[in-house]
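K.L.:
pasting the sequence and the predicted coordinates here, then a few questions.
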Amino acid sequence: MLAIALLVFAADQVTKAWVLARLTPVRSVPVVTGLVDLTLVFNTGVAFGFLSRLPPEWRWLVTVFSLAALVLLVSVAWRIVPQGGRLGRVALGLVFGGAAGNLLDRWRLGAVVDFLDVHWRQYHWPAFNVADSAITVGVILLAAELAFGRGPEEPDRRAT
């Protein structure tokens, strides 16, 4: 779990450093024409820009929400890691690594660096980054582990 978290954190920070060194805000660089662009965006809100319109004097609230989510995740991890399977550990590694990357951005820059811009015709997904992707995949895997994983009362069938 720790190795995955560190790998996600490193990949997130390396890609953000690359983007910050090469792109200017809001100027798109097509990667797959009509589908994917690189667009530097500073997200002062939470997921998908939610709360990004908060006045500057209230932006500390976004960090509080982020830290509260991390505390909730730690409590889930406390339950899953001792009894859960590999899927739960991978999920938590993805989420922890992504959360750490985005929290570092908030602390250093006051906003999260987003740059992956996916769109099709008039449909436009909010810009995101490697950390956001890892968190999303991790949450989906975590939900699968909680829904379908073996519980503490259910023995490991591979041992029989």
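P.N.:
Cool, got the structure.
K.L.:
please enumerate the strands of the protein.
P.N.:
29-32, 36-43, 112-120, 123-124 (DSSP state E).
K.L.:
give me the neighbour count for the residue lying closest to residue 89 once chain neighbours are set aside.
P.N.:
What sits nearest to residue 89 in space, not counting adjacent residues and going by CB to CB, 6 or more residues apart in numbering, is residue 1, at 4.4 Å. The way it works is simple: take the backbone N, C-alpha and C, and place the C-beta from them, glycine included. Residues lying near residue 1 (other CB atoms under 10 Å) number 19.
K.L.:
for this structure, give me the ranges with low pLDDT.
P.N.:
Within the chain, the segments meeting pLDDT under 70 span 45-60, 62, 77-84, 149-160.
K.L.:
could you export stretch 133-142 as PDB, CA atoms only?
P.N.:
Extracted C-alpha coordinates of stretch 133-142, given in PDB (Å, rounded to 0.1, in the frame of the first residue of the first chain):
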ATOM      1  CA  SER A 133      -7.400   9.800 -11.500                       C
ATOM      2  CA  ALA A 134      -5.800   7.700  -8.800                       C
ATOM      3  CA  ILE A 135      -8.300   8.900  -6.200                       C
ATOM      4  CA  THR A 136     -11.200   8.000  -8.500                       C
ATOM      5  CA  VAL A 137      -9.900   4.600  -9.400                       C
ATOM      6  CA  GLY A 138      -9.000   4.000  -5.700                       C
ATOM      7  CA  VAL A 139     -12.500   4.900  -4.500                       C
ATOM      8  CA  ILE A 140     -14.100   2.600  -7.100                       C
ATOM      9  CA  LEU A 141     -11.800  -0.300  -6.000                       C
ATOM     10  CA  LEU A 142     -12.500   0.500  -2.300                       C
END
